[in-house]
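S.K.: coordinates only, sequence not included:
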């Protein structure tokens, strides 16, 4: 009986996972690193990019000062088009859109706030928001442009 | 009285419709003539011209256009784009609907089809990266923009593109991009700009100038950009953030390119070559 239950549970698990993969659903975030990434995201990123990564309204349109609202991080956005190295750099150093006429950075810099491992975790957390195809694309982009190597942390 | 008003309104409406139709015809005509294309080859110091589905070349100091042999299937398509890498004197790319993307490395003696990994041959625009000889961008009609980083052997879809059809695509190494540069997409109504990581298309500055035909930028100063429109030539010193109309001599152009020395070359609607040494204010025939 116990064997039968185990077999049924395994089969159901495989079915659910397989179904989710077939429908191109994001993978789970319940690993310690991804939980850390989620925590960092909620604390530092969500106020602009949205709790669910939905971004700001009209994020594709620059305002009169040339500022771009924070974009979404999901499939509809463009975060997935950047390599790990680029995403790391944007979070660490910030980024200024050349059409921005204000004194502010378009994306603030977080290298004085977040540890390198936290930046890496938050980038990995964002990947759960993408489709499988987008994850594949981003993984390809990251082959030659991986996260910067950190002492004591093996490269992915 | 009621009849007079109603007749007046009818005539007014019909006149309006006729005017709109005429406007559309003008736009269509201009679009057809937009099939003329001009491209300066920095390495070879020569000009390429597309006219009547044929490809021609001439030295920038030369006097005559010489036809470059094209593959036979070009006759069944519509030659739209010619593009050359900035430091590879051997490679020459052409593209167009039903033509796909093709490359020659012997000045047109032989051609290689590069569309095997593209979803279709309906390519409406093509650009070679300003600094990377093997990076190409191809616009597939009603699909999006594909990028190849191995000179056309493999392609990857990067973006669905703006909702407006792109007639011309130009890569620029202007600074400020998150990636390696920018892409200018010319549609009938406007010039749009995207970083070459494809993080969204933004309209360039207000350009109330009717149909837009072509865009070109200074190789030495990429922030200086020119655009030719139904209302003449416009220039930007800010990469397209703002445009100023060039007070010129009234020359009407439909295609534009710049030499490495910032000589502007243009084609008029008859496909005749003109050039300007004063940033587009006055134009002369080089043959004259």
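M.R.: Structure's in. What do you need? All values reported here derive from a predicted model rather than from experimental measurement. Numbering: from 1, shown residues only, chains lettered A, B, ... in the order given.

S.K.: Residue B:158 is in contact with residue B:149, isn't it?
M.R.: No: if you go by Cβ atoms under 8 Å, residue B:158 and residue B:149 don't touch, sitting 10.8 Å apart. Bear in mind the C-beta positions are built from the backbone N, C-alpha and C, glycine included.

S.K.: more neighbours, these two?
M.R.: residue B:158 (18 against 14; other Cβ atoms under 10 Å in any protein chain shown).

S.K.: could you pull out the strands for chain A?
M.R.: Ranges of strands within chain A: none, based on DSSP state E.

S.K.: Residue nearest the middle of the chain, spatially speaking?
M.R.: By default, I'm working from chain A. residue A:126 (1.6 Å; Cα atoms, centre = their mean).

S.K.: nope, chain B
M.R.: For chain B, residue B:168 is the residue whose C-alpha lies nearest the centre (Cα atoms, centre = their mean; 3.4 Å).

S.K.: what's near enough to touch it?
M.R.: B:37, B:81, B:125, B:184, B:185, B:186, B:214, B:215 (Cβ atoms under 8 Å, 6 or more residues apart in numbering or on different chains).

S.K.: Could you report the distance from it to chain A?
M.R.: Distance of residue B:168 to chain A, given as Cβ to the nearest Cβ, to the nearest Å: 22 Å.

S.K.: where does the chain have low pLDDT?
M.R.: No chain was given, so I picked chain A. Filtered on pLDDT under 70, chain A yields the residue ranges A:1-30, A:151-156.

S.K.: Chain B, not that one
M.R.: B:1-34, B:287-288.

S.K.: Close to chain A: what parts of it are there?
M.R.: Proximity of chain B to chain A, by Cβ under 8 Å from any Cβ of the partner chain, involves residues B:156, B:158, B:175-176, B:178-179, B:197-200, B:202, B:239, B:241.

S.K.: Filter those down to the buried ones and hand me the ChimeraX line.
M.R.: Restricted to buried positions by 16 or more other Cβ atoms under 10 Å in any protein chain shown, the ChimeraX selection for these reads:
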select /B:158,176,178,197,198,199,200,202,239,241
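
S.K.: Just the ones in strands from the residues of chain B next to chain A, please.
M.R.: Members of the residues of chain B next to chain A lying in strands (criterion: DSSP E): B:156, B:158, B:202.

S.K.: of all the residues you listed, which comes closest to chain A?
M.R.: Chain A has its nearest neighbour among those in residue B:202, at 6.3 Å by Cβ to the nearest Cβ.

S.K.: measure that closest one to residue B:264 for me?
M.R.: Distance, residue B:202 to residue B:264, by Cβ to Cβ, to the nearest Å: 25 Å.

S.K.: Quick check: residues of chain A near chain B?
M.R.: So far as Cβ under 8 Å from any Cβ goes, chain A lies against chain B at A:60, A:62, A:66, A:71, A:78, A:81-82, A:86, A:90, A:95, A:97-99, A:137, A:140.

S.K.: Let's see that with 10 Å instead.
M.R.: Those residues of chain A that sit near chain B, judged by Cβ under 10 Å from any Cβ of the partner chain, are A:59-62, A:66, A:68, A:71, A:77-79, A:81-83, A:86, A:89-90, A:95-101, A:107, A:133, A:137, A:140-141.

S.K.: In chain B, what residue comes closest to chain A?
M.R.: The nearest approach of chain B to chain A comes at residue B:176, 3.1 Å away (Cβ to the nearest Cβ).

S.K.: so what's that residue up against?
M.R.: A:95, A:96, A:97, A:98, A:99, A:100, B:182, B:195, B:222, B:223, B:239 (Cβ atoms under 10 Å, 6 or more residues apart in numbering or on different chains).

S.K.: Nearest residue to whichever residue of chain A sits closest to chain B in space, please, no chain neighbours.
M.R.: The minimum distance from chain A to chain B, using Cβ to the nearest Cβ, falls at residue A:98 (3.1 Å). Using Cβ to Cβ, 6 or more residues apart in numbering or on different chains and skipping the chain neighbours, the partner closest in space to residue A:98 is residue B:176 (3.1 Å).

S.K.: Likewise for residue B:93?
M.R.: Excluding the flanking residues, the one nearest residue B:93 by Cβ to Cβ, 6+ apart is residue B:83, at 4.8 Å.

S.K.: can you check residue B:282 too?
M.R.: Sequence neighbours aside, residue B:249 is the residue nearest to residue B:282 in space, at 5.0 Å (criterion: Cβ to Cβ, 6+ apart).

S.K.: and the one you found, what does it touch?
M.R.: Applying Cβ under 10 Å, 6+ apart, one finds that residue B:249 lies in contact with B:232, B:276, B:280, B:281, B:282, B:283, B:284.

S.K.: for the chain, what spans make up the helices?
M.R.: You didn't say which chain, so I picked chain A. Applying DSSP state H to chain A gives helices spanning A:2-22, A:32-40, A:46-49, A:84-93, A:116-126, A:132-143.

S.K.: um, chain B though
M.R.: Using DSSP H, the helices assigned to chain B run over residues B:2-33.

S.K.: correct me, but residue A:98 touches residue B:181?
M.R.: No: if you go by Cβ atoms under 10 Å, residue A:98 and residue B:181 don't touch, sitting 12.0 Å apart.

S.K.: Counting neighbours, go ahead and name the busier of those two.
M.R.: Using other Cβ under 10 Å as the criterion, residue A:98 and residue B:181 rank with residue B:181 on top: 20 against 16.

S.K.: Return the residues in contact with the more buried one.
M.R.: Going by Cβ under 10 Å, 6+ apart, residue B:181 touches B:129-132, B:135, B:171-175, B:195-197, B:222.

S.K.: Buried ones among those?
M.R.: B:129, B:130, B:132, B:135, B:171, B:172, B:173, B:174, B:195, B:196, B:197, B:222.

S.K.: list the contacts for the residue lying closest to the second one once chain neighbours are set aside?
M.R.: So that's residue B:130. When the adjacent residues along the chain are set aside, residue B:130 lies closest to residue B:173, with 4.2 Å between them (Cβ to Cβ, 6+ apart). Shown in contact with residue B:173 (Cβ under 10 Å, 6+ apart): B:86, B:129, B:130, B:131, B:132, B:180, B:181, B:182, B:196, B:217, B:219, B:222.

S.K.: Repeat the analysis, applying 7 Å as the threshold.
M.R.: When contacts are counted by Cβ atoms under 7 Å, 6 or more residues apart in numbering or on different chains, residue B:173 is found next to B:130, B:131, B:181, B:222.

S.K.: Equivalent analysis for residue B:281, please.
M.R.: Going by Cβ under 7 Å, 6+ apart, residue B:281 touches B:246, B:247, B:248.

S.K.: surely residue B:178 meets residue B:197?
M.R.: Yes: with contact defined as Cβ atoms under 7 Å, residue B:178 and residue B:197 form a contacting pair (5.2 Å).
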